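J.: sequence plus the predicted model coming up.
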Amino acid sequence: MTMIECRQLTREYRKGDAVIRPLDGLNLDVPRGDFLALMGPSGSGKTTLLNLIAGIDSPTTGSLVIEGTDIGTLSRNQLAAWRSEHVGYVFQLYNLVPVLTAYENVELPLLLHKMTRRERHDRIMGALERVGIADRETHFPRQLSGGQEQRVAIARAIVTDPPILVADEPTGDLDKPSAHSVMSLLQGLNKELDKTIIMVTHDPKTTDYATRTLHLDKGRLVESGAAVGEGAPA
Amino acid sequence: MTLFRCLPYVLRQVVRHRVRSFLTIAGIGVAMFLYTAVQAMNNGVTDATTATANDTTLVVYRKDRYCPATSQLPQDYLRRIQSVEGVVSATPMKIVVSNCRTSLDVVTFRGVPKDDFIAERADEINVVAGSFDDWLKRTDAALLGETLASRRGLRPGMTFDAAGITAYVAGVIRSEDLQDQNVAYTALEFVQLAGRDQLGVVTQFNVKVEDASQLERVGSDIDEIFDTAQEPTATFSEKAFIGRVADDIIELVSFARWLGIGCLAAILALVANSIVLGVQSRLSEHAVLQTLGYSGRLVAGLIVIEGVILAVIGGVLGAVGAIGVARYGNFALSVEGASIPIVADASLLATGLLVCAVIGVAAGLVPAWQASRREIAECFRSV
């Protein structure tokens, strides 16, 4: 079942007199439960596509339908509400709020939802336990390693239980063991919780964790990789 | 409701950005201290000089004289003043001040006929320490206004020197009349004898009339009686009289209002500066919040609330500090025997808080609006 449907998706920016088109008439279907890796050279449109799917950017032309909603037609406020329900975003540089503890960072998305304090606490602790960092709940980002920070960021992305996770080079700033650990975690979320994951990466090794890999160049898909993600390398 | 749920996030931002918050709050506190002090003086001037429907007191002064030392009227004017239609009572008063210049610590002696004073004023005056009896017994006894007693640390049983007069403190009084709060009431003869050849000479007559509507007519009648006398009179309502003798102070306080407006502008600039810097340094943080689903409006609301919290905390500290200093210092601006108290009450604190809250909102609006309109993807690209 198709979860994300891109048709003739185009994104243009104006820079002075020049028009930059990082996405140029892209067509893509992403089925529910997919773990899609997007690769390509810098400026190929990977992050732009990711931002469009995450609802933090809007297409110039074309349509982007996610779970039956054409998100290009939503107003800014509707889009914000849609994001809070449907998407979790994992950044390359974690983007945790430095003055908040791990617990408080994970709490941020839940403040938008009406629930009891008990329920909120349980969900936060559940997310932190899921990513294996519950013992660091009172730590501030500066007191955590890069891998731990990324785990907190993943906990923040999944705490509202969104069906889609987007990850922009989630291992780009991590050493090898941490990268492996984060990728295993994402794979687990995909397999065990049936999260649809779209990940931008420059590292070919991380594509081994995905179910398929697509390559972009100059705003278009240039090659499709075979499904490879049956299991993570040991 | 969502904004309310997000309040802990805003409070953590304020508490954990310690240096920025401390410096902003300290700056606002200092500016608010000045603003409140100016407002307290302004309130004192307004209270002391603005006529109300309850004002029924006239002051009969020597014409063309402006200070107690030169206003000398024969005490026997009393009988003729009392005979004017509409006059309820008249009190001859000899005034001696410890300092002819404008000062925050002037002792003003008001010599009055004791029996008449008690008969006319006992209902309006509350003796908070000591007693009227003690005052009546001794010729050198003084009843001190509460403000004067607090400022000088005087209690019943003590003696004090001022303006060349040594007086015994028989009691401390509290009164609705602001002028009573900052004077020492003694026997008329006692003050007259303190000066050379002053027996039978008074500084002024305080005249009570039947109602406020008669003030002008009674004043004109009194001045007409003494128009051709050797010592002609000039009669004013009490508030107008204070406005006349304290003209310089009023002018200065009026000018100080600009200082108050300057303080408000300083608060606005401080809060706006703090918020703008905060928003700029947290560009990606706000983009992250929006990525998590926070709407632009909500992010704007959080920024404005942060500004309001900083402004209100600084405002409370500054205003409470100024009110505390004004209250415990018991200051009053005195000139030529007239007293303008510095009025610092709870309404001043409430006004200060309201002003700070409004400034907090005003200072945060533009940066909040800008932050809410920023493209999220653009923010990540620019960081």
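T.: Ah, there it is. Residues are numbered from 1 along each chain as shown, chains lettered A, B, ... in the order given.
J.: smallest gap between chain B and chain A, at which residue?
T.: For chain B, the residue closest to chain A is B:Gly293, as judged by CB to the nearest CB, at 2.4 Å. From N, CA and C alone the C-beta is placed, and that goes for glycine too.
J.: so that residue sits against A:Ala81, correct?
T.: Yes: applying CB atoms under 8 Å, one finds B:Gly293 in contact with A:Ala81, separated by 6.7 Å.
J.: leaving out the residues flanking it, which one is nearest to B:Arg62?
T.: In space, and not counting its chain neighbours, B:Arg62 is closest to B:Ser71: 3.9 Å by CB to CB, 6 or more residues apart in numbering or on different chains.
J.: up against chain A, what does chain B have?
T.: Within chain B, the positions near chain A by CB under 8 Å from any CB of the partner chain are B:1-2, B:5-6, B:9, B:12-13, B:16-17, B:284-285, B:287-298, B:375-377, B:380.
J.: more neighbours, B:Gly293 and A:Ala81?
T.: Using other CB atoms under 10 Å in any protein chain shown, the more surrounded residue of B:Gly293 and A:Ala81 is B:Gly293, with 26 against 16.
J.: find the nearest non-adjacent residue to the residue of chain A found nearest chain B, please.
T.: In chain A, the residue that lies nearest chain B is A:Ser84 (2.4 Å; CB to the nearest CB). Once flanking residues are discounted, A:Ser84 sits nearest to B:Gly293: 2.4 Å by CB to CB, 6+ apart.
J.: list the contacts of that neighbour.
T.: Counting by CB atoms under 8 Å, 6 or more residues apart in numbering or on different chains, B:Gly293 touches A:80-81, A:83-85, A:109, A:112, A:160.
J.: mind checking the SS state of it?
T.: B:Gly293 falls in the coil class when you classify it by DSSP: H, G, I helix; E, B strand; the rest coil.
J.: how much space separates it from A:Tyr94?
T.: Here B:Gly293 is placed at a distance of 18 Å from A:Tyr94 (CB to CB, to the nearest Å).
J.: the strands in the chain, which residues?
T.: No chain was given, so I picked chain A. For chain A, the strands defined by DSSP state E occupy A:2-15, A:18-31, A:35-39, A:61-66, A:69-70, A:87-90, A:164-168, A:196-200, A:212-217, A:220-224.
J.: oops, chain B please
T.: Per DSSP E, chain B has strands spanning B:57-62, B:73-74, B:87-97, B:108-112, B:125-130, B:141-145, B:159-162, B:165-175, B:183-187, B:201-202, B:204-209, B:233-237, B:332-335, B:338-341. These are given in chain order.
J.: can you pull the contacts of B:Ser272?
T.: Not quite, residue B:272 is Ala, not Ser. Residues in contact with B:Ala272 (CB under 8 Å, 6+ apart) are B:307, B:363-364, B:366-367.
J.: show me what from chain A comes close to chain B.
T.: So far as CB under 8 Å from any CB goes, chain A lies against chain B at A:48, A:51, A:54, A:56-57, A:76-77, A:80-81, A:83-85, A:89, A:91, A:95, A:97, A:99-100, A:104, A:108-109, A:111-112, A:114, A:156, A:160.
J.: looking at those residues, which are in helices?
T.: A:48, A:51, A:54, A:76-77, A:80-81, A:83-85, A:104, A:156 (DSSP state H).
J.: in these, find the pair that's most separated.
T.: A:Thr48 and A:Glu104 (31.0 Å; CB to CB).
J.: so which of the two has more stuff around it?
T.: A:Thr48 (24 against 20).
J.: ok, for that one, nearest residue in space, not its chain neighbours?
T.: A:Pro22 is the one closest to A:Thr48 (CB to CB, 6+ apart), at 4.2 Å.
J.: surely the one you found touches A:Gly219?
T.: Yes: in this structure, A:Pro22 is within contact of A:Gly219 by CB under 8 Å, at 5.5 Å.
J.: common neighbours of those two, please.
T.: Here A:Pro22 and A:Gly219 have A:11, A:44-45, A:48 as joint contacts, going by CB under 8 Å, 6+ apart.
J.: okay if I get those as JSON lines plus distance to A:Ala127?
T.: Output for these, formatted as JSON lines (distance: CB to CB, whole Å):
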{"residue": "A:Arg11", "distance to A:Ala127": "32"}
{"residue": "A:Ser44", "distance to A:Ala127": "32"}
{"residue": "A:Gly45", "distance to A:Ala127": "31"}
{"residue": "A:Thr48", "distance to A:Ala127": "28"}
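J.: determine which two of these are furthest apart.
T.: Spanning the widest gap among these are A:Arg11 and A:Ser44, at 12.4 Å by CB to CB.
J.: what sits in contact with each of the two?
T.: Common neighbours of A:Arg11 and A:Ser44 (CB under 8 Å, 6+ apart) are A:22, A:219.
J.: any stretches of the chain with poor pLDDT?
T.: I'll assume chain A. Within chain A, the segments meeting pLDDT under 70 span A:223-234.
J.: look at chain B instead
T.: For chain B, the ranges with pLDDT under 70 are B:51, B:53, B:195-196, B:382-383.
J.: pull the CA atoms of stretch A:58-78 into CSV?
T.: Taking Å, rounded to 0.1, in the frame of the first residue of the first chain, the C-alpha atoms of stretch A:58-78 are listed here in CSV:
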residue,chain,number,x,y,z
SER,A,58,6.4,23.1,0.1
PRO,A,59,6.6,22.0,-3.5
THR,A,60,6.6,24.7,-6.2
THR,A,61,4.6,22.4,-8.5
GLY,A,62,3.5,18.8,-8.6
SER,A,63,1.7,16.9,-5.9
LEU,A,64,2.8,15.2,-2.7
VAL,A,65,0.2,12.9,-1.2
ILE,A,66,0.9,11.3,2.1
GLU,A,67,-1.7,8.9,3.6
GLY,A,68,-4.3,10.4,1.3
THR,A,69,-3.5,14.1,2.2
ASP,A,70,-2.1,16.4,-0.4
ILE,A,71,0.2,18.2,2.0
GLY,A,72,0.9,20.9,-0.6
THR,A,73,-2.6,22.2,-0.2
LEU,A,74,-2.4,22.6,3.6
SER,A,75,-2.0,26.0,5.3
ARG,A,76,1.0,26.7,7.5
ASN,A,77,-1.0,25.9,10.7
GLN,A,78,-2.6,22.8,9.2
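J.: what's the offset of it from the middle of its chain?
T.: When distances are taken as CA atoms, centre = their mean, to the nearest Å, stretch A:58-78 is centred 17 Å away from the chain's centroid.
J.: again, but for stretch B:249-266
T.: Using CA atoms, centre = their mean, the offset of stretch B:249-266 from its chain centre is 14 Å.
J.: ok, and what's touching it?
T.: Counting by CB under 8 Å, 6+ apart, B:27, B:31-32, B:34-35, B:38-39, B:41-42, B:44-45, B:49, B:102, B:243, B:333, B:335, B:340, B:355, B:359 sit against stretch B:249-266.
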